[in-house]
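Chemist: how would this look folded up:
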Amino acid sequence: MGDFLNLIADNMQTFWSYTGFANATPGHFIMILVGIFFIYLAISKEFEPMLLIPIGFGILIGNIPFNMEAGLQVGIYEQGSVLNILYQGVTSGWYPPLIFLGIGAMTDFSALISNPKLLLIGAAAQFGIFGAYMIALAMGFEPNQAGAIGIIGGADGPTAIFLSSKLAPNLMGAIAVSAYSYMALVPVIQPPIMRLLTTKKERVMRMRPPRAVSHTEKVIFPIAGLLLTCFLVPSGLPLLGMLFFGNLLKESGVTRRLAETARGPLIDTITILLGVTVGASTQASEFLTVNSVKIFLLGALSFIIATASGVLFVKIFNLILSKKNRINPLIGNAGVSAVPDSARISQILGLEYDPTNYLLMHAMGPNVAGVIGSAVAAGVLLGFLN
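Modeler: Residues are numbered from 1 along each chain as shown. Okay, the predicted model is just below:
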């Protein structure tokens, strides 16, 4: 009888050693609260629910404690586990180009084609990337790490993941979560900066209606865009190539099924896999570090610089433009590539000061230019730092 009870006790002790309760650390509970907070923001505040719910739930998955020495092969960092296999799409960098394929297939570049000078706003907003890169260097990060951190300023999660997978894989979790967090917080971060840097007179400025864009122009644009950008920055080919290919599928008029697949089931599937695996990569032991805190602070600074650069560039640019061609500085924030959220903020703020002034059609120009600009910036950094 005594031996039987000892056996039961040993089995219970073994079972307990495998539970999450026995292996939990304070860090696990902190990250679980972060995951719940992300889900709360997505559901209650509707901040980028398509991103924050997969990432938030992924954080919960990644921070279920287990016995690392038991060889269970359930963790995202354990070779051969299901999560590890799915995570290879992140670490190998093939999820982001597929996301860009879907973005290209759902994006209308008409606003940019009709007013090409709006491309300059998207380029100006990339100052946030290079500003954060220099600050990260000053803080002691290695050049490749600084480049991966700086890309957060583009407010483009797939680009941040693609670049960090090449330059700083060990920082990818913090960089990806930071990039997607600031994308979700666009409605919170950008409006105060836009109000601070513009006058009431500038906010009610009206722009000329965009001209009609022909079908031929829409077809030529992705082909010309690919050749111009990728001849200039070949290292950006995986992202830019898929972006422009997706757009050609949309605009050609003869590949509707392919375009619908790219912007529908394909991008949705990849978004789910990318969000969950990025979230799961934030295991407390890997994520809760001083560098992660620095990355979040640098990410915020990068995003602020990018927004301010776009707005200030428009104000300066207006000095050399004729009165009829001037640009409302409220669309300067849309130079970051959080499509279409930053363009919507331009519209919302514009309507706040003039209920009849619709800026969305204008703001989409720099917004889609920002997508191209962040991919080009990533290619530049990859070419120099890889």
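Chemist: what helix or strand is the residue nearest to Leu226 when sequence neighbours are not counted on?
Modeler: Beyond its immediate neighbours in the sequence, the residue positioned closest to Leu226 (CB to CB, 6 or more residues apart in numbering) is Phe244, lying 4.2 Å away. Quick note: C-beta positions are derived from backbone N, CA and C, even for glycine. Applying DSSP states H and E as the criterion places Phe244 in helix 237-251.
Chemist: that helix - contacts with which helices or strands?
Modeler: helix 95-106, helix 157-167, helix 215-232, helix 256-261, helix 360-385 (3 or more CB pairs under 8 Å, 6 or more residues apart in numbering; DSSP states H and E).
Chemist: which secondary element of the protein has the worst mean pLDDT?
Modeler: Here the helix or strand of the chain ranked lowest by mean pLDDT, DSSP states H and E is helix 2-18, holding a mean of 77.
Chemist: just the mean pLDDT for the helix or strand following that helix, thanks.
Modeler: Next along the chain after helix 2-18, taking DSSP H and E as the criterion, comes helix 20-23. Average pLDDT, helix 20-23: 85.
Chemist: all further residue positions should be reported with the first residue as 17.
Modeler: OK, 17 is where the count begins now, so the last one is helix 36-39.
Chemist: first to last residue in stretch 206-222, what's the distance?
Modeler: One end of stretch 206-222 sits 21 Å from the other (CA to CA, to the nearest Å).
Chemist: ok, stretch 330-342 next?
Modeler: End-to-end distance (CA to CA), stretch 330-342: 9 Å.
Chemist: so what touches it?
Modeler: Defining contact as CB atoms under 8 Å, 6 or more residues apart in numbering, one finds that stretch 330-342 is touched by 133, 136-137, 213-214, 218, 221, 223-224, 343-345, 347-348.
Chemist: next, the buried residues of the helix holding Phe260.
Modeler: Neighbour-count burial for helix 253-267, counted by 16 or more other CB atoms under 10 Å, picks out 254-267.
Chemist: distance from the chain centre to that helix, please.
Modeler: 18 Å (CA atoms, centre = their mean, to the nearest Å).
Chemist: same thing with stretch 108-128?
Modeler: For stretch 108-128 - counting by CA atoms, centre = their mean - the centre lies 12 Å from the chain centre.
Chemist: start to end distance for it?
Modeler: End-to-end distance (CA to CA), stretch 108-128: 32 Å.
Chemist: with stretch 207-224 instead?
Modeler: So stretch 207-224: terminal residues 23 Å apart, CA to CA.
Chemist: just give me how far it sits from the chain centre.
Modeler: Put simply, stretch 207-224 sits 26 Å off its chain's centre (CA atoms, centre = their mean).
Chemist: wouldn't Gln206 be in contact with Ala324 here?
Modeler: No - in this structure Gln206 lies outside contact range of Ala324 using CB atoms under 8 Å: 9.8 Å.
Chemist: who touches the least confident helix or strand of the chain?
Modeler: Against helix 18-34 from outside (CB under 8 Å, 6+ apart): Ala38, Asn39, Phe82, Asn83, Ala86, Leu88.
Chemist: circling back: for the buried residues of helix 253-267, which one is nearest Ile48?
Modeler: Nearest to Ile48 among those: Leu255, at 33.0 Å, using CB to CB.
Chemist: many thanks, we can stop here.
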